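# Can you look at this prediction? I've put the sequence above it.
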Amino acid sequence: MKKLQRWREIWDALDKVVMIGVLVLTLLLLSLSLARYTGYNASMFDIGNMAQAIWSGTQGRPLEFTYEQGNLSRLALHVELIYWLFVPLYALWPDPRLLLTLQVAGFAAGAWPVYRLARRRLDSRGLARAITFMYLAYPVAQTALLFDFHGDTLAMPCLLFALEAADRKTWRSYAVWSGLALACKFYIVVPLAVLGLVLWLEGERRAGALTVGAACVWALLALGWIRPAFAPPQAAESHATFLSYLRFYFGGAGPALLDTLIPRFLTAWVVFFPGLWLGRYAWRWILPAGALAIPALLSLGDVAAYDYRFHHYAATVPFLIVATVYGAAELRRRQTSRHYRRPWQGEVWLALAITAVFTIGLVDTPFNPLFWSGLPGRGLSEWRYGQTARDRFKDRWLLAQVPPGSALAASEFLAPHLTQRTTLYLVRYPDELKELGQPDHLHQSRYLLQHPEALSQLLLARHLDEVDYVVADALYDYALPFDEGLQIGGILQDAPGIALLLQQPDWSLLAAQDGLLLLGRVSSTAPLTMTATMTPAATPPVFQARFGSSVGLLEGTIRPLDGRRFLVDCRWMALEPLTALPPLVAVSRLEGVSHSRMVHLPTLALLPTVLWEPGAVIHESFVMTLPPETPPGTYPVYVGWYDSAHLHAAATDARSRVGDEVLLGVVHAP
């Protein structure tokens with residue numbers, strides 16, 4: 001009975017308004033975070049890397065993931081020991097969605113110490129609610145939650161529990177939560193060391209000195225022992241010293257800092273202004289946030305961390321929120337002593353309003369009007385939180401076609417769904433070809449397809465001996481417009497990797513459907529053979545069809561082979577010079593059958609349109625297999641050509657189509 005009475009007392013003491021607000025906001029953020037993953041809009045960087053690392057822990061390995069140069073432990077990078085706490089749960093449900101769910105749950109738990117601290121210091125339930133909602137709505141807290149899974153996002157609630165414990169002077173609890181925060185990422189030592197100085201200045205000399213000492217000891221252990229101990233031999237130099245870490249984040253060229261000065265300043269405004277409104281009256285508590293944020297704002301190395309939309313500022317939020325509480329308490333004291341005339345309570349509500357304005361305007365949630373605009377990469381668009389029919393098909397296809405546990409290289413946005421394996425390279429790494437001097441991935445892809453000898457520069461070429469299969473996407477359907485007409489991603493993203501593999505004598509195409517490709521080493525499995533040749537025209541061309549002013553079809557046939565396998569044979573000719581234009585992509589489809597598109601890989605990868613000579617006949621042939629779910633019957637097959645430079649080229653619809661679709665033939669499914 002006593003235990004029951006105690007639980008009743010706790011329940012009666014809980015603020016139901018805060019509970020409902022926490023539940024609503026965290027469910028919203030969780031649904032968006034999961035939607036981004038299930039819609040194949042979360043890449044291997046970073047949810048895939050973290051998921052593979054934590055899965056490796058279930059296999060007894062030290063949080064390993066596959067990096068560009070090979071397998072690497074998270075302990076050789078940010079020393080995220082906290083991930084070991086997730087290993088037992090991940091063994092029960094090895095799915096990245098578990099990590100995203102637990103991360104949001106931790107964020108929600110952080111509302112409890114915020115509310116307790118504010119209620120105790122301000123002696124007002126309403127103002128405690130306001131500051132709790134300020135925490136839940138803080139812009140860089142929400143953007144961190146909506147950008148994958150990271151140690152510094154996990155550090156948010158740990159630091160809040162530590163700060164609340166310090167306010168109560170329960171130093172054992174403070175030590176436990178501070179230790180957990182340090183385990184999230186080793187650079188949490190920076191704000192924690194500054195926090196120790198703040199505690200010392202606030203009169204807690206012993207606690208402050210011990211905090212600084214613990215932070216310094218952990219920094220020495222992490223940098224001097226743990227990181228070098230887990231660094232592989234080929235990466236020892238880049239992970240063994242503190243200077244190597246600084247070079248990674250700050251080793252870029254100076255002009256890059258000046259070129260991005262405005263966005264860096266705006267990020268600083270987003271990070272600090274909501275917390276500074278009241279926090280400036282307790283400025284010491286902002287110092288740990290500044291110690292963490294300023295290096296991120298100045299970073300210009302291999303990773304430029306200055307953008308507020310990522311996760312690098314998550315750990316500033318606890319200090320800014322606590323500074324807000326102490327700042328409000330200071331205003332209360334000043335008003336009592338008639339040194340401050342405006343009602344201090346109104347300043348708290350104004351701080352909440354400022355936070356809400358920043359978040360509504362800058363975070364991509366339903367509260368932001370642009371969420372509903374339909375703009376690419378916003379709201380429910382297919383490149384943000386939307387899930388298309390093809391995304392749902394990807395789930396089924398990957399499960400059916402990709403051998404479990406096999407050593408893989410995979411397309412960047414497919415890879416996070418294939419992390420339960422020791423080896424998982426990417427078909428294409430984001431910045432691997434900067435030296436080509438091409439402005440974006442589309443131009444790089446065009447260059448590589450036009451210069452097949454340059455395909456050896458792909459990192460995939462170095463790792464082919466380490467993988468058994470490659471999962472590529474010939475209809476790469478993630479694309480975002482960028483500055484000056486450039487784009488991120490696009491239909492050709494994986495095309496150079498596909499071209500590299502099709503030129504390898506010991507590699508072949510094993511399965512293909514709706515642009516998804518499984519390539520593997522030649523084995524007893526019947527490969528889907530293909531050829532492409534270019535010969536001078538022997539007679540004046542007679543076209544069966546024309547695709548705009550770009551491509552003409554001389555002849556197209558579909559011949560049955562066995563069962564549901566057919567040989568597609570086409571002869572094409574350029575109607576205009578195509579070498580200087582973006583590559584065109586031919587795609588066929590079965591009328592009335594979903595997910596039946598077939599990319600013409602010979603003219604995508606073996607002999608792309610950027611290599612077609614004027615007046616030459618391009619002869620391509622390839623084997624196509626009908627989708628297994630195709631009902632028996634007769635189906636017309638249509639073919640179309642699509643402009644790879646179009647943002648929506650992967651959709652293969654009228655927006656990017658060159659001319660009209662043409663009937664290529666008819667197939668009978670037994």
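Ah, there it is. Please read these numbers as outputs of a predicted model, since none were measured by experiment. Numbers count the residues shown, from 1 in each chain.

# need the helices for the stretch 551-670 of the chain, in chain order.
601 (DSSP state H, counting those that start in this stretch).

# So which residues of it form strands?
For the stretch 551-670 of the chain, the strands defined by DSSP state E, counting those that start in this stretch cover 551-562, 565-574, 584-590, 598-599, 616-625, 633-643, 657-669.

# Which one of those strands lies nearest to Gly520?
strand 616-625 (15.3 Å; Cβ to Cβ). (Glycine included, C-beta is placed from N, CA and C.)

# Would you format the strands of the stretch 551-670 of the chain as CSV with mean neighbour count, distance to Phe230 and mean pLDDT included?
Below are the strands of the stretch 551-670 of the chain laid out as CSV (neighbours: other Cβ atoms under 10 Å; distance: least, Cβ to Cβ, whole Å; pLDDT from 0 to 100):
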stretch, mean neighbour count, distance to Phe230, mean pLDDT
strand 551-562, 15, 52, 95
strand 565-574, 20, 49, 96
strand 584-590, 24, 43, 98
strand 598-599, 25, 41, 98
strand 616-625, 20, 45, 95
strand 633-643, 18, 46, 97
strand 657-669, 16, 51, 96
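
# okay, and for this structure, where does confidence drop off?
When residues are selected by pLDDT under 70, those of the chain lie in 1-13, 234-255, 301-304, 338-341, 483-486, 523-526.

# Now do the buried residues in the lengthiest helix in the chain.
Secondary structure assigned by DSSP state H gives helix 16-38 as the longest helix of the chain. Within helix 16-38, the residues scored as buried using 16 or more other Cβ atoms under 10 Å are 18, 21-22, 25-26, 29-30, 32-38.

# cool, stretch 360-374 as well?
Residues of stretch 360-374 classed as buried under the neighbour-count rule (16+ other Cβ under 10 Å) are Ile360, Leu362, Val363, Asp364, Thr365, Asn368, Phe371.

# if I've got this straight, the last one is in a strand?
To tie it back to what came earlier, the one meant is Phe371. No: counting by DSSP: H, G, I helix; E, B strand; the rest coil, one finds Phe371 to be helix, located in no strand.

# count of neighbours near the residue nearest to it when sequence neighbours are not counted?
Leaving aside its sequence neighbours, Phe371 sits nearest to Gly379 (Cβ to Cβ, 6 or more residues apart in numbering; 3.6 Å). Gly379: 19 surrounding residues under other Cβ atoms under 10 Å.

# One more: the one 3 residues further on?
For Glu382, the number of neighbouring residues by other Cβ under 10 Å comes to 21.

# Just list the residues touching it, thanks.
By Cβ atoms under 8 Å, 6 or more residues apart in numbering, the contact set of Glu382 is Gly39, Asn41, Thr388, Asp391, Asp477.

# Just the helices from the stretch 101-250 of the chain, written as ranges.
Under DSSP H, counting those that start in this stretch, the stretch 101-250 of the chain gives helices at 111-122, 125-137, 139-145, 151-168, 171-184, 189-201, 205-221, 227-230, 236-239, 242-250.

# and the gap between Asp95 and His78?
Distance, Asp95 to His78, by Cβ to Cβ, to the nearest Å: 23 Å.

# So for Pro636, which of the helices of the stretch 101-250 of the chain sits nearest?
Comparing the helices of the stretch 101-250 of the chain by Cβ to Cβ, helix 139-145 comes nearest, at 47.9 Å.

# Give me the contact list for that closest one.
Contacts for helix 139-145 (Cβ under 8 Å, 6+ apart): 29, 33, 103-104, 107, 135, 150, 152-153, 156, 270-271, 274, 308-311, 313-314, 316-317, 355, 358-359, 362-363, 365.

# Domain-wise, how is this structure divided?
108-372, 389-521, 530-669 (automatic domain parsing).

# Could you dump these into CSV and include distance to Leu85?
Formatted as CSV, the domains of the chain follow (distance: least, Cβ to Cβ, whole Å):
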stretch, distance to Leu85
domain 108-372, 8
domain 389-521, 18
domain 530-669, 39
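
# Which one, of the ones you listed, ends up nearest to Glu68?
domain 389-521 (5.7 Å).

# The contacts of Glu382 in strands, which ones?
Per DSSP state E, strands hold no members of the contacts of Glu382.

# and the residues you listed, which are buried?
Gly39, Asn41, Asp391, Asp477.

# Nearest to Gly279, out of these: which one, please.
Asn41 (34.4 Å).

# quick one: contacts for that closest one?
Glu382, Trp383, Arg384, Tyr385, Phe413, Tyr478.

# what's the burial count for the last one?
So the one you mean is Tyr478. Neighbours of Tyr478 using other Cβ under 10 Å come to 21.

# Give the residue farthest from the middle of this structure.
Thr539 (52.6 Å; Cα atoms, centre = their mean).

# In a markdown table: the contacts of Glu382, plus distance to Ala183.
As requested, these are exported to a markdown table (distance: Cβ to Cβ, whole Å):
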| residue | distance to Ala183 |
| --- | --- |
| Gly39 | 31 |
| Asn41 | 29 |
| Thr388 | 38 |
| Asp391 | 35 |
| Asp477 | 38 |
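
# List of residues touching stretch 529-537?
By Cβ under 8 Å, 6+ apart, stretch 529-537 touches 502, 508-509, 573, 601-603, 606-607, 611-613, 615-623.

# Let's see that with 6 Å instead.
601-602, 606-607, 615-623 (Cβ atoms under 6 Å, 6 or more residues apart in numbering).

# Tell me which two in those are the farthest apart.
Spatially, the most separated pair among those is Gly615 and Val623, at 28.8 Å (Cβ to Cβ).

# how much space between Ala315 and Ala175?
18 Å.

# Of those two, give the one with the bigger neighbour count.
Neighbours per residue, other Cβ under 10 Å: of Ala315 and Ala175, the larger number sits with Ala315, 33 against 17.

# Next, the contact list for the more buried one, please.
Asp152, Ala155, Leu292.

# Try it again at 8 Å.
Contacts of Ala315 (Cβ under 8 Å, 6+ apart): Asp152, Ala155, Met156, Leu159, Ala181, Cys184, Lys185, Ile188, Pro191, Leu292.

# do Ala137 as well
Leu25, Leu352, Thr355, Ala356, Thr359.

# Most neighbours among those, which one?
Thr355 (27 neighbours).

# Backbone dihedrals for it, both of them.
The phi and psi values for Thr355, taken as degrees, to the nearest 10, are phi -60, psi -40.
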